[in-house]
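A predicted structure for the sequence below; I have some questions about it.
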Amino acid sequence: MEIFKSLEKYDYEQLVFCQDETSGLKAIIAIHDTTLGPALGGARMWTYATEEDAIVDALRLARGMTYKNAAAGLNLGGGKTVIIGDPLKDKNEEMFRAFGRFIQGLNGRYITAEDVGTTVADMDMIHTETDYVTGISPEFGSSGNPSPVTAYGVYRGMKAAAKEAFGTDSLEGRTISVQGVGNVAYTLCKYLHEEGARLIVTDINKSAVERAVNDFGAIAVEADEIYSQEADIFAPCALGAIINDETIPQLKARVIAGSANNQLKEERHGDLIHELGIVYAPDYIINAGGVINVADELNGYSHERAMKKVEALYDTIEKVISISKRDGIPTYIAADRLAEERIARMAKSRGQFLQNGKHSLSSRG
Ligand SMILES: NC(=O)c1ccc[n+]([C@@H]2O[C@H](COP(=O)([O-])OP(=O)(O)OC[C@H]3O[C@@H](n4cnc5c(N)ncnc54)[C@H](O)[C@@H]3O)[C@@H](O)[C@H]2O)c1
Ligand SMILES: CC(C)C[C@H](N)C(=O)O
């Protein structure tokens, strides 16, 4: 892999390799763009088949955070970490503390949080070494687990997308197929069930499926059957690249609205679903609830204030759909425009982020 070529492609600022033999830490921090502020993005722990896969994932996810944070109106840039390892077997305290020291070494250019495979407890361990971590335990004045708030944002965004497709935002009686019923999707299913939606779920983790079946009367299907279900809405809430050449022909849903990052395998898949008349709620718009919630810690966390902002993701999805219709472009391009225009406007008034003093994270316990 030609690393500098990969960085040049989307103008990444920095790629940091973190290695600590004692704890087994092997992590890659990608900082995409700090025009709007320090790069905030979660740390994903995953068993990557190759180091190249890990680098590619870190880069893709970091760029996604630049767009997510910009479109959400946050004064934050985009970054992400991948930690190479099995979150069920390879975690230890020294690993997260070593990672925390690497973050501290970046002096505020990167702030971390949870992502797939990491938890509030992991963030607390990182916090013993650095203040540049969010989503730590509420006892520190922090916002805790971002997943339920992400779920609320997805629920709100899904309603806005449903309004476009069906003329009403009520989800009562709608059939919604949910791929992956982990941290975010469990709470999403709760909202949907409470509104009277019919749920079809799948997960490679059988106990996650059982929980959704028992708690919400969901119908369980095999992992590869989820795309072809007779559903009104498809909610991808597992991993990325699931909208692709194999899955698009199977889809019957008129709306795609879920929490997973990087849902389109390639941009052309966004064009394809647009041509098919599917209303696609762009991933980084609809799943911004978690980052909006953790970012609120930088102002001294208020759950009420954060939830108000997350509620407004309904309006952001409506705005993206209206740009898409006005300009005759797919929603993923409309979302990119929203984010890019904000970054360009701010770039005129400020250059690269510099940590020039303190922010309110420094005053936490
Ligand atoms: N947690 C957040 O606040 C947040 C915020 C924004 C975006 N996201 C994104 O949302 C997605 C879900 O996040 P989460 O925190 O709920 O993660 P999670 O790990 O708790 O849940 C993901 C679930 O998907 C399942 N899964 C994995 N591969 C699958 C497959 N091929 N088929 C079916 N199920 C599969 C896993 O077993 C797991 O139960 C991720 O893409 C994440 O990046 C999460
Ligand atoms: C900052 C975090 C809550 C990030 C979250 N995992 C996301 O992808 O948006």
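Arrived safely. Ligands and ions are numbered 1, 2, ... in the order given.

Near ligand 1, which residues of the stretch 251-365 of the chain are found?
Taking Cβ under 6 Å from any ligand atom as the contact definition, the stretch 251-365 of the chain meets ligand 1 at 259-261, 287, 290. Any C-beta I mention is one placed from the backbone N, CA and C, and that applies to glycine too.

From those residues, pick the one nearest Asn107.
Relative to Asn107, the closest of those is Gly290; by Cβ to Cβ it sits at 24.5 Å.

So for the closest one, what's the pLDDT?
Listed pLDDT for Gly290 reads 98.

same question, Ala347
pLDDT for Ala347: 86.

ok, now how distant is the residue lying closest to it once chain neighbours are set aside from Tyr284?
In space, Ala347 comes closest to Thr35 once its chain neighbours are excluded; the distance is 5.0 Å by Cβ to Cβ, 6 or more residues apart in numbering. Going from Thr35 to Tyr284 by Cβ to Cβ, to the nearest Å gives 16 Å.

hang on, the earlier thing: adding distance to ligand 2, neighbour count and secondary structure, write the residues of the stretch 251-365 of the chain next to ligand 1 out as a markdown table.
Formatted as a markdown table, these follow (distance: Cβ to the nearest ligand atom, whole Å; neighbours: other Cβ atoms under 10 Å; DSSP: H, G, I helix; E, B strand; the rest coil):
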| residue | distance to ligand 2 | neighbour count | secondary structure |
| --- | --- | --- | --- |
| Ser259 | 8 | 28 | coil |
| Ala260 | 9 | 23 | coil |
| Asn261 | 5 | 23 | coil |
| Asn287 | 6 | 26 | coil |
| Gly290 | 3 | 31 | helix |
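
Residues of the stretch 1-150 of the chain that sit close to ligand 1?
Counting by Cβ under 6 Å from any ligand atom, the residues of the stretch 1-150 of the chain that sit close to ligand 1 are 115-116, 146-147, 150.

State whether Lys68 is indeed within a helix.
Yes - counting by DSSP: H, G, I helix; E, B strand; the rest coil, Lys68 is part of a helix.

burial measure for the residue nearest to Ala347, as a count.
As a burial measure, Thr35 scores 23 neighbours (other Cβ atoms under 10 Å).

On the three-state scheme, it is what?
Going by three-state DSSP, the state assigned to Thr35 is coil.

One more: Ile200?
Classification of Ile200 using three-state DSSP returns strand.

in the sheet, who's paired with it?
Ser177, Ile219 (DSSP bridges).

So for the residue in the stretch 1-150 of the chain positioned nearest to ligand 1, what's the nearest residue that isn't a sequence neighbour?
Taking Cβ to the nearest ligand atom as the measure, the stretch 1-150 of the chain has Thr150 as its residue closest to ligand 1, at 3.5 Å. Closest residue to Thr150 apart from its sequence neighbours, by Cβ to Cβ, 6+ apart: Gly290 at 3.8 Å.

same thing with Arg101?
Glu129 (4.9 Å).

Just give me the neighbour total for that neighbour.
Glu129 has 17 neighbours, counted by other Cβ under 10 Å.

Which of the three states applies to it?
coil.

which ones are touching it?
If you count contacts by Cβ atoms under 8 Å, 6 or more residues apart in numbering, Glu129 has them with 97, 100-101, 103-104.

Filter those residues down to the buried ones.
Buried by 16 or more other Cβ atoms under 10 Å: 97, 100, 103, out of the contacts of Glu129.

Out of those, the closest to ligand 2 would be?
Ile103 (13.3 Å).

how close does that closest one sit to Ser143?
18 Å.

Can you tell me, leaving aside adjacent residues, what's nearest to the residue in the stretch 51-200 of the chain that ligand 1 sits nearest to?
Relative to ligand 1, the nearest point of the stretch 51-200 of the chain is Gly182 (1.9 Å; Cβ to the nearest ligand atom). Computed as Cβ to Cβ, 6+ apart, the closest residue to Gly182 that is not its neighbour in sequence is Ala208, at 6.1 Å.

quick revisit: pLDDT for the contacts of Glu129 - can I get that in JSON lines?
Formatted as JSON lines, those follow (pLDDT from 0 to 100):
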{"residue": "Arg97", "pLDDT": "98"}
{"residue": "Gly100", "pLDDT": "98"}
{"residue": "Arg101", "pLDDT": "98"}
{"residue": "Ile103", "pLDDT": "98"}
{"residue": "Gln104", "pLDDT": "98"}
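
Which of those residues fall in helices?
Using DSSP state H, 97, 100-101, 103-104 are the members of the contacts of Glu129 that sit in helices.
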